[in-house]
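1. Below is the structure, and that's it, no one-letter string:
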């Protein structure tokens, strides 16, 4: 998955994942969606955002929750 709108900058927002170098953390966008805000409401509340920013924020958040299978080390029998 390629995420072009998610940026990390230690000088902005403590290095949190943000949208396009803006001071809008991905967590803020995801929290807005989780609280029931529509895309239109989010875009109105954060005029610097674009619809694709919301989509990519959700894709990024989803990628952080993906199941990972970690094989256990085999011990001698």
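-> Looks like it arrived, so ask away. None of these values were measured; they are calculated from a predicted model.

2. and the biggest helix by length in the chain, what does it pack onto?
-> Ranked by residue count and defined by DSSP state H, the top helix of the chain is helix 51-64. If you count contacts as 3 or more C-beta pairs under 8 Å, 6 or more residues apart in numbering; DSSP states H and E, helix 51-64 packs onto strand 6-7, strand 18-19, helix 26-34, helix 39-45. In this view, the C-beta of every residue, glycine as well, is placed from N, C-alpha and C.

3. what mean pLDDT does that helix have?
-> The average pLDDT within helix 51-64 is 96.

4. what sits against residue 52?
-> residue 5 (C-beta atoms under 8 Å, 6 or more residues apart in numbering).

5. Quick check: it vs residue 59, distance?
-> 10 Å (C-beta to C-beta, to the nearest Å).

6. Also residue 51?
-> Counting by C-beta to C-beta, the gap from residue 51 to residue 59 is 13 Å.

7. And these two? Which one has more around it.
-> Neighbour totals were compared for residue 51 and residue 59, and residue 59 leads with 15 against 11 (other C-beta atoms under 10 Å).

8. Correct me if wrong: that one contacts residue 4.
-> No: under the criterion of C-beta atoms under 8 Å, residue 59 makes no contact with residue 4, lying 10.9 Å away.
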